[in-house]
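>>> give me a model of this one.
(chains A and B)
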Amino acid sequence: MSDNKSDRLKARLARGFGDRGPAELAATRQMVETIRQTYELWGFEALETPFIEYTDALGKFLPDLDRPNEGVFSFQDDDEQWLSLRYDLTAPLARYVAENWDRVPKPFRSYRFGPVFRNEKPGPGRFRQFLQFDADTVGSGSVMADAEMCMMAADTLEALGIPRGSYAIKVNNRKVLDGVMEAIGLGGDEGAGRRLTVLRAIDKLDKFPVEEIAKLLGKGRLDESGDFTKGADLDLASIDRVIKFTGWLDHGVGSSNTTLVNFEAAVGNSELGLEGVRELAEIAAIVESSGYADRIRIDPSVVRGLEYYTGPVYEAELTFEVKDEDGKPIRFGSVGGGGRYDGLVARFRGEPAPATGFSIGVSRLQAALQALGKGAAEPAGPVVVLVMDKERTGDYLALARSLREAGIPAEIYLGSSGMNAQMKYADRRRSPVAVIQGSNEKEAGEVTVKDLVLGKEMSKKIEDRAAWTEARAGQVTVPEAKLVETVREMLARY
RNA sequence: GCAGCUAUAGCUCAGUUGGUUAGAGCACCAGAUUGUGGAUCUGGGGGUCCCCCGUUCGAGCCGGGGUAGCUGUACCA
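Predicted coordinates for the structure are as follows:
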């Protein structure tokens, strides 16, 4: 092994992945628990599927090539079959339900949580591994199931401490979007490419002003870096129809009722489109009668992933604004979404299997909660028992054990440094309490218990070393038998 | 992917018209302090100036290419 600096191995995190410390993990644990409770209150049951699936089960082979889509992390097994890391929790659920169709009750209501992986360009707040928490109902084609997802999403956000008014659940319907496409002559296979362009333009309604959207629908748009995005090349009448459909002409999105009127006009006499509008009207009615109308609204800007959704689609958006360290506003935008995917389970089976689901982006939502000041604090460390005399390690272990038996996390110092360094160590661990038993205490059958939190407070008022040392801030010496009691009292202070 | 900007210590950055041994603050480690965290003082470790090629007597600085990051845009099943 050479110690030449130039060929020393460099410790480095893989691009687009992140380590997570105790504070972040504690926050996640708390969030996940809250979401789980809410989902169970709504009658969903737990299910876990593996991180890896056969690529064909995820439906991610490129259509013309014998290899998986680049966006998924994939590799070949020793029998040459392609395996992939899951990129969402919906496709694996579809596989599970199809495989266990005869065993599960229908409709099947389940939830799951875990990391998903996407091989995409990472950016700030955008990782190649992140956490999702999903709930799905498989085997119900009723709009009740869709409405329920939206209402449960609202309940979940509130349970997480996001106040009403700081978020919105927005609902649209792929059938309506398809209907509008038909109405502007972009139905059928030959319109597919431009149809995508139009849908993407609509998807950007909350990002750009209407004039920019109009450019994307027409010839194209030049962005501020000088890059040109080609447009859908629609004629003026069609652009007008799409803009009217969105209802964004002068004051953004209006009430659900107004939006539904716009929708009905925009789909013209497209049968599919009208069906979509009817479904949305039903959802709006359910939401209204359940008392959720102030949180859930029909919104034309929701388009969602353009592939497997077949009916209602929804998105949960945070509407409050937070400033970062530089005073620039951060937009959190969408923290969850979902929709109806009637074809996904059916791929594995001959018969139809309607399904709808909602997915929470746990990582992104956690960042938002952090900014709201609702993130978990750095958790406290264990009580540290200092090792004053290496010959007496057994005694220190016994002290630590008595604390553990009382349910108090405790450890003995395992390094080789002196007392000063051990105190520093305890400080770094964020230990609330240190336990000291040198020869003085031992002889008297006593133990010194030091409140590190209180000590830290006191240190702010003390300037010079001698006074600080003399003060022995926040510590008491008690008989050994009172160790647990004393520590417990100190811990109870915070 | 496309476009613009950037790259010097673990972090934030300075570095003159191209000129000896590349600096600061913070952080880290040690001592002052044989049994007490913080503050203070003293000392210490830490650099392929992103990589390669070129211009030059001489490059952290100039030119070309590459890589990575940031911002916008596209994509996001």
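
>>> can we go C-alpha only for contacts and neighbour counts from here?
OK.

>>> need phi/psi at A:V387.
Backbone torsions of A:V387, given as degrees, to the nearest 10, read phi -100, psi 100.

>>> roughly how far does the nearest residue to it once chain neighbours are set aside sit from RNA strand B?
Distance criterion CA to CA, 6 or more residues apart in numbering; nearest residue to A:V387, sequence neighbours excluded, is A:Y413 at 6.1 Å. In this view, A:Y413 and RNA strand B are 14 Å apart by CA to the nearest atom of the strand, to the nearest Å.

>>> pLDDT score for A:R340?
According to the prediction, A:R340 has pLDDT 94.

>>> quick one: residues contacting the closest residue to it other than its chain neighbours.
Ranked by CA to CA, 6+ apart and with sequence neighbours excluded, the top spatial neighbour of A:R340 is A:T356, at 4.0 Å. The contact partners of A:T356, taken as CA atoms under 8 Å, 6 or more residues apart in numbering, are A:D136, A:T137, A:V138, A:S140, A:A145, A:D146, A:M149, A:G338, A:G339, A:R340, A:Y341, A:D342.

>>> for the residue lying closest to A:G139 once chain neighbours are set aside, what are phi and psi?
Nearest residue to A:G139, sequence neighbours excluded (CA to CA, 6+ apart): A:P107, at 4.4 Å. With angles defined as degrees, to the nearest 10, A:P107 sits at phi -60, psi 150.

>>> could you report the neighbour count for A:P107?
Using other CA atoms under 10 Å, A:P107 is surrounded by 16 other residues.

>>> if we can go back for a sec, my read: the residue nearest to A:V387 touches A:L386, true?
Yes - under the criterion of CA atoms under 8 Å, A:Y413 makes contact with A:L386 at 5.7 Å.

>>> overlap in contacts of the two?
A:Q422.

>>> neighbour count: these two, which is higher?
Per other CA under 10 Å, whichever of A:Y413 and A:L386 has more neighbours is A:L386, with 23 against 19.

>>> that one reaches A:K424, doesn't it?
No - A:L386 lies out of contact with A:K424 (CA under 8 Å); the separation is 11.0 Å.

>>> quick one: which of the contacts of A:T356 is nearest A:S255?
A:D146 (19.5 Å; CA to CA).

>>> residues contacting the closest one?
A:I283, A:P312, A:G339, A:R340, A:T356, A:G357.

>>> quick check: the fourth one vs RNA strand B, distance?
In this structure, A:R340 and RNA strand B are separated by 11 Å, where distance is defined by CA to the nearest atom of the strand.

>>> do the same with the first one
Using CA to the nearest atom of the strand, one obtains 23 Å as the distance from A:I283 to RNA strand B.

>>> related to what we said a few turns ago, mind checking the SS state of the residue nearest to A:R340?
strand (DSSP: H, G, I helix; E, B strand; the rest coil).

>>> what bridges to it?
A:T137, A:R340 (DSSP bridges).

>>> for the residue nearest to A:L216 when sequence neighbours are not counted, what are phi and psi?
Closest residue to A:L216 in three dimensions, ignoring its sequence neighbours and counting by CA to CA, 6+ apart: A:G231, at 4.3 Å. Main-chain dihedrals, A:G231, degrees, to the nearest 10: phi -90, psi -180.

>>> now do A:T448
Given degrees, to the nearest 10, the pair of backbone angles that A:T448 has is phi -100, psi 130.

>>> can you give me the neighbour number for it?
20.

>>> does the residue nearest to A:G139 touch A:G141 like I think?
No - contact criterion CA under 8 Å: A:P107 and A:G141 do not qualify, at 9.4 Å.

>>> how about the residue in the stretch 51-200 of chain A positioned nearest to RNA strand B, secondary structure?
RNA strand B sits closest to A:G71 of the stretch 51-200 of chain A, with a gap of 3.8 Å, by CA to the nearest atom of the strand. With three-state DSSP as the basis, A:G71 sits in coil.

>>> burial check on it, number of neighbours?
A:G71: 14 neighbours (other CA under 10 Å).

>>> just give the nearest non-adjacent residue to it, would you?
A:G71's closest residue in space is A:N119 (CA to CA, 6+ apart), at 4.6 Å.

>>> quick check: which element contains the one you found?
Using DSSP states H and E, A:N119 is not contained in any helix or strand.

>>> please look at it and A:P68 and confirm they touch.
No - the criterion here is CA under 8 Å, and A:N119 misses it with A:P68 at 11.7 Å.

>>> the two: which is more packed in?
Between A:N119 and A:P68, counted using other CA under 10 Å, the more crowded position is A:P68 (21 against 17).

>>> from A:Y54, how far out is the more buried one?
10 Å (CA to CA, to the nearest Å).

>>> overlap in contacts, the two.
With CA under 8 Å, 6+ apart, A:P68 and A:Y54 have common neighbours A:W82.

>>> quick one: is stretch A:40-51 near RNA strand B?
No - applying CA under 7 Å from any atom of the strand, one finds stretch A:40-51 separated from RNA strand B by no less than 13.7 Å.

>>> ok, which stretches of the stretch 301-450 of chain A are strands?
With DSSP state E, counting those that start in this stretch, the ranges of strands along the stretch 301-450 of chain A come out as A:312-318, A:322-323, A:329-330, A:334-340, A:355-361, A:383-385, A:410-412, A:433-436, A:446-451.
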